[in-house]
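A.B. asks: A predicted structure for the sequence below; I have some questions about it.
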Amino acid sequence: MFVIISLSLISFSCKKVEEKNKIVVFQGAHFVNYPLLMSGVIITILPVIIVYVFMQRYIISGIIQGALKG
């Protein structure tokens with residue numbers, strides 16, 4: 001009798017753990033770490049912006065020369 005009760009309690013607690021694991025896996029699959037994402041975007045875009053600021057004169061003159069017949 002004791003074995004049956006203990007087995008039912010063990011299986012009941014295992015089901016609770018499985019349900020908690022499913023919730024954690026679902027949250028992990030559908031969770032976006034926005035601060036990490038934004039820091040990656042800034043690190044990626046910052047060098048492009050810096051190069052554009054220093055080379056803006058040459059970029060614009062190249063676009064104008066390419067657009068004109070000549």
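C.D. replies: Structure received.
A.B. asks: per-residue confidence at I63?
C.D. replies: On pLDDT, I63 comes in at 89.
A.B. asks: Oops, could you answer that again for V41 instead?
C.D. replies: 93.
A.B. asks: same question, Y52
C.D. replies: pLDDT, Y52: 93.
A.B. asks: What about it, how many residues nearby?
C.D. replies: 10 (other CB atoms under 10 Å). (C-beta placed from N, C-alpha, C; glycine too.)
A.B. asks: contacting residues for it?
C.D. replies: Counting by CB atoms under 8 Å, 6 or more residues apart in numbering, Y52 touches I59.
A.B. asks: Sticking with it, tell me its helix or strand.
C.D. replies: helix 34-67 (DSSP states H and E).
A.B. asks: what domains does the record give for the protein?
C.D. replies: 1-31, 32-70 (automatic domain parsing).
A.B. asks: which residues does N33 contact?
C.D. replies: Listed by CB under 8 Å, 6+ apart, N33 has no contact partners.
A.B. asks: Next one: it, what pLDDT does it get?
C.D. replies: 82.
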